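Novice: okay, structure incoming, though there's no sequence with it:
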């Protein structure tokens, strides 16, 4: 592969015999055999010479390699020597540089130490002078100068922390601490003198001395500042504790406004008299208000525990409303910076709600709120900012909210009873095609009341009371579903007979077949629309409750059971409508099965029973469609359920038509086609606006009625020869059930002996069924 060659001797499949035959193909060619032998010997000698030359050349290469290796080793040794020389010279240079810069380093250290010494001596001089001045100013109560000087002394003293081992430095530090302690005690004494703890009257107003003393307190231990604030606020609120003692009339909840009016006056008085005395960053006004809230919460909790039996719902709500208004006022006036110690929880304020809770929550005191179904699509309002003061006082009402919950339970019970009595008094809603199945007004009233309760309770508490209120909501949602909706659905009657074929021929009497009156049909549609509205609104109610309750309690709010209840009401309503129309068509189908189809002599227009079925459909369906105009999906469900009920029943009655003549089968096929067209047009029958029927409905009708047509076509087919008839049946119906085939034979009027042989042939001609599908019935229509 490396050296390609055309010489036959170099080939991998070289054959000596073939090669010799190539050289001497004939006997005459053997004459020059000596010449060929000589050529081969010459070639052998040349090959030997080449091999010998190559071998000798390799010997010389080994010697050259050893010589090159020795030269490389010598070069490496020379390089190593040069590197060593360079390293020695570098070490000598480094030593020389160190000797040169040794004196310079000493000078640098000396300069740095000298600078540090001078700075320290200056600080020491400042510290000593500052301590002397501080002690003198403290004795003279020159707090204005002390505030600036003390801060400077403290800053300078920090530089001497590492020199505290020196007695003189330690002595100065102790003098500074003593001066700070003396200042603290002196300032506290000055405030005690200016604002004595005993007595409710405060002598005089603030002085410049106290204002400067507050500046000094900022520099002193924070405990001094806290003590000043605590004593001042305590003295400021001492009058409040006397005026609103537990045994005073003004202390009860009905006069809670006076508490908040008192603190407002006090805050105004403080701003006028003492606003400039305390530094602004102390936030004294907010601190007074916060301490008032803490005291008020404790006092209200104590008095409510004592007089718990006197608490009524109106009184409790009045007190809570006034308290939350006051907390809102605090949020507008103050930032809440003094609440950072975590004494008050900052709950999240729920955002405004959607349908039927779209109105502003601040307007919950309005008497009536109208809910429109179109409000569901309105966007949510932006979330309101948090109120840091929410619950700072109103938390004390939470243990007594059971009074509110019990009241709402009672009110809702009375509301449901009123709905029941009003419904009985007013009766079913008037039928109106234009209204499109109006929702019962009671459901809107119920959810408006729910919204009002939810907003009130969320303002009172977002904890366990909200869970208790949710349980009440669930209870009365179920009661509304069963008492108002399910309880007022018309009752079905079992008697549907009494009609003859003759009566079916009369259109006037045909209208009496329907079980439900026009008013009852409208009532069912109205209840269905109401249940759908309640279902959607209950889902929104669950979402809003989860938004308003504490995050830890969200999992405990679940209205799925109530939504399922309304779904059951919807399903029952649709089933009633289907049963009513289905039952109205039953006499017509019975008449069809009793007709003598073997005596029909000619094919005419559609049969009377078809006219009767169409009449009932045209009577009921437009009323149902118009009253369910706002809930088209449930009208579609009604159409699908009716088709799924009527078509199998029609096929069963079709099997009862036996025996059938050829002409009778043709008449039935015409009737079946007429019914098929009416059913396809069912969703828009009697409507001026023609809409295309839903594809799901059309598929069911086409599949079911086509099966009925195929049954009749099989009946019309001749049963001779039997093999052709059986194959035609299997092809048209694709039904492997022997029961269905037996019914077809009965319809044709065959004798039992003929049927027996035909059934045997049918079993033989059946295709092999897949495993598990033996004796499978006809395809389901649902």
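Specialist: In hand now; what should we look at? Owing to the predicted nature of the structure, the values given are computational and were not obtained by experimental measurement. Numbering: from 1, shown residues only.

Novice: what secondary structure does residue 670 sit in?
Specialist: Using DSSP: H, G, I helix; E, B strand; the rest coil, the structure places residue 670 in helix.

Novice: surely it is in contact with residue 603?
Specialist: Yes - between residue 670 and residue 603 there is a contact at 6.3 Å, judged by CB atoms under 8 Å. The C-beta positions use only the backbone N, C-alpha and C, and glycine is treated the same way.

Novice: who's more crowded, those two?
Specialist: residue 670 (17 against 14; other CB atoms under 10 Å).

Novice: neighbours around residue 471, how many?
Specialist: By the measure other CB under 10 Å, the count of residues near residue 471 is 13.

Novice: what's the closest non-adjacent residue to residue 396?
Specialist: Of all residues not flanking residue 396 in the chain, residue 301 sits nearest, at 4.1 Å (CB to CB, 6 or more residues apart in numbering).

Novice: host element of the one you found?
Specialist: Using DSSP states H and E, residue 301 falls within helix 284-306.

Novice: avg pLDDT for that helix?
Specialist: Across helix 284-306, pLDDT averages out at 85.

Novice: per-domain residue ranges of this structure.
Specialist: Domains of the chain are assigned by the TED database as 146-333, 394-490+517-571.

Novice: okay, these, which one's buried deepest?
Specialist: domain 394-490+517-571 (a mean of 19; mean count of other CB atoms under 10 Å).

Novice: ends of that domain, how far apart?
Specialist: One end of domain 394-490+517-571 sits 46 Å from the other (CA to CA, to the nearest Å).

Novice: just how off-centre is it within its chain?
Specialist: Distance of domain 394-490+517-571 from the chain centroid (CA atoms, centre = their mean, to the nearest Å) equals 23 Å.

Novice: returning to what we had before: rank the domains of the chain by pLDDT, which is bottom?
Specialist: domain 146-333 (a mean of 75).

Novice: distance from the chain centre to it, please.
Specialist: Relative to the centre of its chain, domain 146-333 is centred 46 Å away, using CA atoms, centre = their mean.

Novice: which elements pack onto the lengthiest helix in the chain?
Specialist: Looking across the chain with DSSP state H, the single longest helix is helix 33-140. The contact analysis (3 or more CB pairs under 8 Å, 6 or more residues apart in numbering; DSSP states H and E) places helix 33-140 against helix 143-158, helix 167-194.

Novice: residue 96 - how many residues pack around it?
Specialist: Neighbourhood size, residue 96 [other CB under 10 Å]: 10.

Novice: relative to residue 331, how far out is it?
Specialist: Distance, residue 96 to residue 331, using CB to CB, to the nearest Å: 78 Å.

Novice: my guess is residue 255 contacts residue 249, does it?
Specialist: Yes - Residue 255 is in contact with residue 249 according to CB under 8 Å; the separation is 6.9 Å.

Novice: thinking again about what came up before, so can I have a markdown table of the domains of the chain showing distance to residue 767?
Specialist: Conversion of the domains of the chain to a markdown table gives the following (distance: least, CB to CB, whole Å):
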| stretch | distance to residue 767 |
| --- | --- |
| domain 146-333 | 77 |
| domain 394-490+517-571 | 40 |
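
Novice: tell me the centre residue of this protein?
Specialist: residue 543 (9.1 Å; CA atoms, centre = their mean).

Novice: before we move on, back to that, right, and the helix or strand after the helix holding residue 301?
Specialist: Beyond helix 284-306 toward the C-terminal end (DSSP H and E), the next one is helix 313-333.

Novice: residues in contact with that next one?
Specialist: Identification of contacts with helix 313-333 by CB atoms under 8 Å, 6 or more residues apart in numbering yields 253-254, 256-257, 260, 289, 293, 300, 387-394, 397, 400-401, 403-404, 407, 456, 459-460.

Novice: before we move on, what about stretch 387-403?
Specialist: Here stretch 387-403 makes contact (CB under 8 Å, 6+ apart) with 290, 293-294, 296-298, 300-301, 304, 308, 311-313, 316, 319-320, 323-324, 326-328, 330-331, 334-336, 339, 344-347, 349, 457, 460-461, 463, 465, 468.

Novice: ok, now stretch 290-309?
Specialist: So stretch 290-309 is contacted by 233, 237, 240-241, 244, 246, 251-253, 256, 259, 263, 266, 311, 319, 330, 338-339, 343-344, 389, 392-393, 395-397, 399-400 (CB under 8 Å, 6+ apart).

Novice: which of those residues fall in helices?
Specialist: Those of these mapping onto helices are 233, 240-241, 256, 259, 263, 266, 319, 330, per DSSP H.

Novice: with distance to residue 597 as extra columns, can I get the residues you listed in CSV?
Specialist: CSV is the format used below for the ones in helices among the contacts of stretch 290-309 (distance: CB to CB, whole Å):
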residue, distance to residue 597
233, 103
240, 101
241, 102
256, 89
259, 93
263, 97
266, 102
319, 84
330, 90
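
Novice: farthest-apart pair in the residues you listed, please.
Specialist: 233 and 319 (24.5 Å; CB to CB).

Novice: residue 278 in helix, strand or coil?
Specialist: Classified using three-state DSSP, residue 278 is coil.

Novice: quick one: it from residue 531, how far?
Specialist: Counting by CB to CB, the gap from residue 278 to residue 531 is 64 Å.

Novice: need the helices for the stretch 651-782 of the chain, in chain order.
Specialist: Taking DSSP state H, counting those that start in this stretch to define them, one finds helices in the stretch 651-782 of the chain at 662-680, 695-716, 722-733, 738-748, 752-765.

Novice: and the contacts of the last one?
Specialist: Surrounding helix 752-765, the residues in contact under the criterion CB under 8 Å, 6+ apart are 719, 722-723, 725-727, 729-730, 738, 741-742, 745-746, 750.

Novice: kindly recompute the last result at 6 Å.
Specialist: Helix 752-765 has contacts (CB atoms under 6 Å, 6 or more residues apart in numbering) with 722, 726, 741, 745.

Novice: which residues does residue 538 contact?
Specialist: 559, 562-563.

Novice: on that earlier part again, just flag the most distant two among the contacts of helix 752-765.
Specialist: Spanning the widest gap among those are 722 and 741, at 11.9 Å by CB to CB.

Novice: overlap in contacts of those two?
Specialist: Common contacts of residue 722 and residue 741 (CB under 6 Å, 6+ apart): none found.

Novice: neighbour count winner among the two?
Specialist: Between residue 722 and residue 741, counted using other CB under 10 Å, the more crowded position is residue 741 (22 against 15).

Novice: residues touching that one, list them.
Specialist: By CB under 6 Å, 6+ apart, residue 741 lies in contact with residue 762.
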